[in-house]
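In: Quick one, fold the following:
(chains A, B, C and D, ligands or ions: 4)
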4 protein chains.
Amino acid sequence: MLERKLPLRRRVADAINIDELERMARARVPAFAHEYLAGGAEDELTLAANRAAFAHRRFLPPMLRPAPARRLGATLFGRPLALPLAIAPTGFNGLQARDGDCALARAAASAGVPFTLSTVANASIEQIAAAAPEGRRWFQLYPLRDRAITLDLLARARRSGFEALVLTADAVHYGNREWDRRSYRGALRLRWGRLLDVARHPRWVRAVMGQGGLPGFANLAPYLPAGQGSVARTVAFIDGQMDRALDWAFLDWLRAHWDGPLLLKGVLRADDALQAFAHGADGVIVSNHGGRQLDGAIASLDALAAIRAAVGPAATLLLDGGIRRGTDIAKALALGADAVLTGRATLFGLAAGGEAGARRALDLLGAEFDRTLALLGCTAPEELGLHLVVAAPEIHR
Amino acid sequence: MLERKLPLRRRVADAINIDELERMARARVPAFAHEYLAGGAEDELTLAANRAAFAHRRFLPPMLRPAPARRLGATLFGRPLALPLAIAPTGFNGLQARDGDCALARAAASAGVPFTLSTVANASIEQIAAAAPEGRRWFQLYPLRDRAITLDLLARARRSGFEALVLTADAVHYGNREWDRRSYRGALRLRWGRLLDVARHPRWVRAVMGQGGLPGFANLAPYLPAGQGSVARTVAFIDGQMDRALDWAFLDWLRAHWDGPLLLKGVLRADDALQAFAHGADGVIVSNHGGRQLDGAIASLDALAAIRAAVGPAATLLLDGGIRRGTDIAKALALGADAVLTGRATLFGLAAGGEAGARRALDLLGAEFDRTLALLGCTAPEELGLHLVVAAPEIHR
Amino acid sequence: MLERKLPLRRRVADAINIDELERMARARVPAFAHEYLAGGAEDELTLAANRAAFAHRRFLPPMLRPAPARRLGATLFGRPLALPLAIAPTGFNGLQARDGDCALARAAASAGVPFTLSTVANASIEQIAAAAPEGRRWFQLYPLRDRAITLDLLARARRSGFEALVLTADAVHYGNREWDRRSYRGALRLRWGRLLDVARHPRWVRAVMGQGGLPGFANLAPYLPAGQGSVARTVAFIDGQMDRALDWAFLDWLRAHWDGPLLLKGVLRADDALQAFAHGADGVIVSNHGGRQLDGAIASLDALAAIRAAVGPAATLLLDGGIRRGTDIAKALALGADAVLTGRATLFGLAAGGEAGARRALDLLGAEFDRTLALLGCTAPEELGLHLVVAAPEIHR
Amino acid sequence: MLERKLPLRRRVADAINIDELERMARARVPAFAHEYLAGGAEDELTLAANRAAFAHRRFLPPMLRPAPARRLGATLFGRPLALPLAIAPTGFNGLQARDGDCALARAAASAGVPFTLSTVANASIEQIAAAAPEGRRWFQLYPLRDRAITLDLLARARRSGFEALVLTADAVHYGNREWDRRSYRGALRLRWGRLLDVARHPRWVRAVMGQGGLPGFANLAPYLPAGQGSVARTVAFIDGQMDRALDWAFLDWLRAHWDGPLLLKGVLRADDALQAFAHGADGVIVSNHGGRQLDGAIASLDALAAIRAAVGPAATLLLDGGIRRGTDIAKALALGADAVLTGRATLFGLAAGGEAGARRALDLLGAEFDRTLALLGCTAPEELGLHLVVAAPEIHR
Ligand SMILES: Cc1cc2nc3c(=O)[nH]c(=O)nc-3n(C[C@H](O)[C@H](O)[C@H](O)COP(=O)(O)O)c2cc1C
Ligand SMILES: Cc1cc2nc3c(=O)[nH]c(=O)nc-3n(C[C@H](O)[C@H](O)[C@H](O)COP(=O)(O)O)c2cc1C
Ligand SMILES: Cc1cc2nc3c(=O)[nH]c(=O)nc-3n(C[C@H](O)[C@H](O)[C@H](O)COP(=O)(O)O)c2cc1C
Ligand SMILES: Cc1cc2nc3c(=O)[nH]c(=O)nc-3n(C[C@H](O)[C@H](O)[C@H](O)COP(=O)(O)O)c2cc1C
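Out: Ligands and ions are numbered 1, 2, ... in the order given. Take a look at the predicted model:
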């Protein structure tokens, strides 16, 4: 409403919300890396819809329901969460900050929330276990054709104390991320304009590229043919390995080989959520991959209520896509999520200021969620429910 | 529709609507003080929704119903109102104009409408009684932990002839008003940029700060430990005293200790409105604190009709949030309010030109409301009803 | 969609649509006069809604229904119309072009459509009869307190061969037209900025003011006290004479004193339309005075279908408000109007180029309406109906 | 969402989507020719609605439905399509590139999709047959008054191996394309400003005008009186020949004289679609002529589902209007189309880079459609259905 000229903060500790962290990130990181982080597929219809879905929900806060102190935490798979939130799996975090994965994992651990390591992370399963031994760690699996590699990844994850396995179902085919084609001439070779822009960010170059070029895909390095470990080769390897015939039988197979919590990520339909549980999943992540896969896919929040109605109150449902505020967490929980995952919100923090920045993002979200609960007269997340929200178009009836 | 370059008026008497008063206010007051006045919580979704809710309602004016003269006034708690309007409680009015509270109280009295004094006003209960002895005065209570202080406030209000007590229920936890963090480095210490901007407003400095810095919280001064009366200390004191365990029992307690009209402010749900009357309230103020508390809360106008339907035609319902035009007052009354309160509309007047500015705001709203009644063929406010409005989305069916 | 730099035409014959005539008008006429013409009340919600209502309707054109030639005309009150259109009554047309009323009347006559003379026109009933003897002429009546004056106006209208009487019901109280207060210091005395702007339009000054200042209100001159005929005095006279107690009995009285067609203008409710016919009206004009009276009133097109449903197929219903295209005429007829009236569309033409400009506006609308009928497979206006339109929000179900 | 400065590509092979081809086209072709291509009728409401209708649909993608490889092709009239797509008939393609029609026909043939030749093409039926002998070729017929000419056109089409006949029903009357009147002074004589702009595009002049002025209407040349073959004369001839009395009997007549597949183009109503099949059509093209005819007509995608519901699952339904992405093709098929036609998408390619550009457009659409199928877990177009899409306004219920 009120137009304001907002100053750009220098220290992440001064950022007062996720949007400010995003603006800081944009200033610190070269354009190609920021586009990779912030962009969505094609016309970014779904990227925008993810945010609009939150804006279209309105709270009906009850009054005089005392909530002098709130428990923000929840229990997930029998273990505590300091916030009903986990860090979503995101690949190539090393592009935003040196040791990006470890920084995120440490931030998550110190904030008491799980960190999910992507298959295509720059740090390995073992490095993350060493970096954040006390934290809850989840491993996100892209389904590779080679079952032996998959079994080895599971064994490593188990050995390194990873608690849960997240199978990402919505990205066996790549989304149409046009920034790639705009940024690169060939396999990871930047166009000239982009290179010039990189040169304008010496601090980023030192931090991120300093150790010898772009960071590699540490999880997959062991499986690459000897001397083929370049980033470009690995990308080609992953591409060739991605199991495009992924089906429900694979979930059964995973279930047979992983005895910890198993989550299916990328579900937008009620029938699929029911299938997931029927095939042994312990939880479902309602997600459209942050608008990076099928452009035009329904906003994850818009898909949530129908899924909760189908699976019943007891099933574990997480949601990601568009979480930027504590009120967003509350809306997601009110509409049926047990917890949310953050992709970009924490990545903006990481890009803006490494581990401290990621931690700042979590602290901001936590403080906002706490205040939201208080203002809704709720003393704990599980008190949130459908009676507290209404969709904007229904209002004017 | 038609684009226009609007000149900035110099005299409040020349302002032709509330928007012009707002533009004058913005020019006269330093940015930090204007943001405090005009801003809303977080992304200002609710601030915007409050206005949009009025824009989405359309009138169905009847013709040939003579209304050659209109009675604008109404009866509230057995006493007359010149307009179905009261001035809403707003804290720190001294920031907009010297003796802001007294100026507003005098403007209200001379216009024949009640003035509500905030707990965190800069003028005391007694000063207001002296400044506007003939006016209807209401006292807005923030629930303090210390019941003795509360009882003393009630006693002072009663002694000073305050008619009604307004319990604000929606602000026992603070909303996330980011302008504060943007404006201040620490407790009420402005950032450098903001100080520079203050220096560019010497007239404001002379008027507002001239008497020795920012004005204090006069109502609470007596209860502060000796020598602890600085503004920053008082803010900390209020923070510590705010009763975050506020519940319906507190309303019962208040009811037992206050025999005048008792209003509950901040209600957005029909069940809460019913509760309020069940616990002895004489009226309910449908409000979301002008979008300054829970961002994403439903627009107050959008909440109104359901509440009126629940409480029946006889219960006293007031509404605030977004009133900027006489047509807004008419829409609120048509949808079920007995009267409205103005926060910013009259504050813009105050900031633009002190008491005269506030009075100008009331006169403009009164004249616009009068014309609206005339154009709707109504001779008195109580003729407004649901048959006169329709929601925009329903139109295109 | 496609952005274009549109050149400003010099000759009205080159204008290819009403928008271009509007742009020409804006360039030729001083700002104060253009605002008077183009502006709406207060925040112009209704002005905008009038246009949006047309944009929200979509055609469902039938195919292979031959309409090689179309009859555009219709019969109204037993006499032919070349187009289902009349020129709406508008006051002070002399501000847009010298002898504006006569120019409009001649344009209407030559185009075969009725012209409505406003009570507050600059040309008299008699002058119009002389200027356009062969045209259909309607007289729009503002209800004056003095019944003798009213009877004399009716007698003059009858004597001068005016066919129909239009009683305007929606303007017995003035709308809040803020441009007046922005343009004028006192009664018709322009502010300095506005005077400067007038000086920048010497051609307009010569044409419009050349004959001795602003044109007067010729219809009312006979009734003014001697020597009181200044424009400012007349405005005050009208203000004093406006019958603010106008009710249905006045319509009965008019009915008794006027035996030609009698129309009630300004109706937006179905119950009022029914009343109008019950009190002897021969037709109803669904109108909100072009968004110049009650801001927030429903768009006239949005009110139409419900009114048609209430009054049945035989009753005469006209509509005005927002007609800028031939497709708008078709939408109005499809939703239930027998014909439309144009206020600004023809006035833009008048301001852009006098009689020729007004005629150009009518020709453009006629040609567009003809093409629209053809594209809808209709050979005559009466084939338009509800089966040919759908509301945009219904589409996405 | 994320603002980006997009560089203008030089080679069509580098264009990554249709929008980039459009921007290239705009840079290469003089404004008058680009407006002819990109513009719509009047206020371009329908042009915009065609695109908005796609944006308002959201996918509900199923997971773990393997689609490792997709068949993109379909069978239409017993013959294969490489993509469920054909190139729509568009007149005056020679304005965009030298030998525009042949270039499009070759691009279509090499991509394995039908090319539709317009009656008012610049290349003749015979030239197209020679240019793309192996391609599927359809001939679009404008209904000419002279049945002998029509029969000759049919005979030529048959002789030249054209497979299908497309009768365009929605353009027997011209739409109001205002760019014409803005660009031309008289019959095809450009205004000065436009000529200047042409002079700024020497490459286009050489390519398009180089062979002696604007290209003529090759299909119709044989029927023109001797020495009357100028472009302007042909335009007048077509105008005079257009059969404005076109009715269903003409479809019967065509059916009797054409034994190949017969399509009716321009249908937006379910009753018309039923009629078309009753009169012997083999297929219906749901279309509003790309928003170039009746402005305000319903978006073709918005009309589709009701038409499919009426005609049943077996009838052949194509759709055009607004196809710019592979996701658009998928949405159209999900809502009931068997295939789509592209007008501007392939024309932008043509204008950007001749045959290679048109082919690039087809390749981009094909690749996007393939990816969309994959992401929707579909192995072939016929798996798309209503269960995969939801309308945006329904989401927030
Ligand atoms: C830069 C980036 C990389 C991502 N990489 C992966 C990944 O490797 N595996 C995965 O399952 N999801 C990945 N995602 C999707 C996220 O897990 C998550 O679904 C999404 O970011 C949520 O939306 P948000 O960013 O609006 O919070 C990625 C997202 C981003 C932004
Ligand atoms: C600057 C400002 C200070 C406020 N202070 C208080 C307060 O002390 N107590 C309270 O109950 N409400 C307070 N409010 C909320 C108002 O009472 C009222 O609910 C709100 O302003 C209505 O919305 P409006 O400003 O759009 O009219 C304040 C509002 C503003 C704008
Ligand atoms: C400049 C102007 C003057 C008007 N004066 C009168 C008037 O004297 N009497 C009346 O009944 N309506 C008056 N109207 C309203 C018109 O009759 C008509 O209802 C309105 O202009 C229709 O909307 P449109 O301008 O969008 O076509 C006036 C409108 C305009 C724009
Ligand atoms: C430049 C141009 C010329 C056209 N000429 C014809 C034509 O000669 N015959 C016809 O049936 N349709 C014609 N059309 C309409 C197209 O066949 C098709 O319906 C439309 O372009 C589809 O919309 P799209 O451009 O958004 O894909 C033309 C369209 C354009 C853009």
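
In: contacts and neighbour counts: CA atoms only from here.
Out: Will do.

In: in the stretch 101-250 of chain A, what residue is nearest chain B?
Out: A:Ala111 (21.3 Å; Cα to the nearest Cα).

In: Tell me who's in contact with that residue.
Out: A:Ala82, A:Arg359, A:Leu362, A:Asp363 (Cα atoms under 8 Å, 6 or more residues apart in numbering or on different chains).

In: Quick check: nearest residue in space to the residue in chain A positioned nearest to ligand 4, chain neighbours excluded?
Out: Residue nearest to ligand 4 within chain A: A:Asp43 (16.9 Å; Cα to the nearest ligand atom). Closest residue in space to A:Asp43, ignoring its immediate chain neighbours: A:Asp295 at 7.0 Å, by Cα to Cα, 6 or more residues apart in numbering or on different chains.

In: Would you double-check that that neighbour falls in a strand?
Out: No: using DSSP: H, G, I helix; E, B strand; the rest coil, the assignment for A:Asp295 is coil, not a strand.

In: ok, and the most crowded of the contacts of A:Ala111?
Out: Scoring the contacts of A:Ala111 on neighbours with other Cα atoms under 10 Å in any protein chain shown, the highest-scoring entry is A:Leu362 at 28 neighbours.

In: touching ligand 1 at all, the strand or helix carrying that one?
Out: According to DSSP states H and E, A:Leu362 maps onto helix A:344-375. Yes: using Cα under 6 Å from any ligand atom, helix A:344-375 reaches ligand 1 at A:Arg344, A:Ala345.

In: Which neighbouring elements make contact with that helix?
Out: For helix A:344-375, the packing partners by 3 or more Cα pairs under 8 Å, 6 or more residues apart in numbering or on different chains; DSSP states H and E come out as helix A:18-28, helix A:31-38, helix A:100-111, helix A:326-334.

In: Can you name the residues in contact with the last one?
Out: Residues from elsewhere that reach helix A:326-334 (Cα under 8 Å, 6+ apart): A:54, A:57, A:301, A:304, A:319, A:323, A:339-340, A:364-373, A:381-382, A:384-389, B:295-296.

In: same for ligand 3: which of the residues you listed are within range?
Out: By Cα under 6 Å from any ligand atom, no member of the contacts of helix A:326-334 lies near ligand 3.

In: List only buried entries from those residues.
Out: Using 16 or more other Cα atoms under 10 Å in any protein chain shown as the burial test, the contacts of helix A:326-334 include A:54, A:57, A:301, A:304, A:319, A:323, A:339-340, A:364-373, A:381-382, A:384-386, A:388-389, B:295-296 as buried.

In: so what's whichever residue of the stretch 1-150 of chain A sits closest to ligand 1 up against?
Out: In the stretch 1-150 of chain A, no residue comes nearer to ligand 1 than A:Thr90, which is 3.2 Å away by Cα to the nearest ligand atom. By Cα under 8 Å, 6+ apart, A:Thr90 lies in contact with A:Thr116, A:Leu117, A:Ser118, A:Val120, A:Ala121, A:Gly343.

In: Kindly report the same for A:Ala358.
Out: A:Ala103, A:Leu104, A:Ala107, A:Thr346, A:Leu347, A:Phe348, A:Gly349, A:Leu350 are the contacts of A:Ala358 under Cα under 8 Å, 6+ apart.

In: same thing but at 6 Å, please
Out: A:Thr346, A:Gly349, A:Leu350 (Cα atoms under 6 Å, 6 or more residues apart in numbering or on different chains).

In: The second one is in contact with A:Arg359, isn't it?
Out: Going back to what we said before, that points to A:Gly349. No: the criterion here is Cα atoms under 6 Å, and A:Gly349 misses it with A:Arg359 at 7.3 Å.

In: can you give me phi and psi for A:Ser300?
Out: Main-chain dihedrals, A:Ser300, degrees, to the nearest 10: phi -60, psi -40.

In: If you tally nearby residues, what's the number for it?
Out: 30.

In: With A:Trp138 instead?
Out: Look at A:Trp138: counted by other Cα under 10 Å, it has 26 neighbours.

In: Can you classify it by secondary structure?
Out: When the rule is three-state DSSP, A:Trp138 gets the label strand.

In: okay, the contacts of A:Ala111 in a markdown table with pLDDT and distance to ligand 3 next?
Out: Below are the contacts of A:Ala111 laid out as a markdown table (pLDDT from 0 to 100; distance: Cα to the nearest ligand atom, whole Å):
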| residue | pLDDT | distance to ligand 3 |
| --- | --- | --- |
| A:Ala82 | 98 | 60 |
| A:Arg359 | 98 | 57 |
| A:Leu362 | 98 | 54 |
| A:Asp363 | 98 | 54 |
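
In: Pull the most distant pair out of those residues.
Out: Spatial extent of those (Cα to Cα) is set by the pair A:Ala82 and A:Arg359 at 13.1 Å.

In: quick one on the thing from earlier: are we agreed that the residue of the stretch 1-150 of chain A closest to ligand 1 is in a strand?
Out: No: counting by three-state DSSP, A:Thr90 is not part of a strand but coil.

In: Kindly provide the distance from it to chain B.
Out: 27 Å (Cα to the nearest Cα, to the nearest Å).

In: phi, psi of that residue?
Out: Torsion angles at A:Thr90 (phi, psi; degrees, to the nearest 10) stand at phi -140, psi 140.

In: Over to A:Arg147?
Out: phi -60, psi -30.

In: That one: how many residues sit nearby?
Out: 12.

In: And A:Ala199, by the same measure?
Out: Neighbour count for A:Ala199, taken as other Cα under 10 Å: 12.

In: Could you find the closest non-adjacent residue to it?
Out: Closest to A:Ala199 by Cα to Cα, 6+ apart is A:Val205, at 7.7 Å.

In: wait, is A:Leu83 part of a helix?
Out: No: judged by three-state DSSP, A:Leu83 forms no part of a helix; its state is coil.

In: and the nearest residue to it once chain neighbours are set aside, what does it touch?
Out: Counting by Cα to Cα, 6+ apart, the nearest residue to A:Leu83 once its immediate chain neighbours are dropped is A:Gly73, at 4.5 Å. By Cα under 6 Å, 6+ apart, A:Gly73 lies in contact with A:Leu81, A:Ala82, A:Leu83, A:Pro84.
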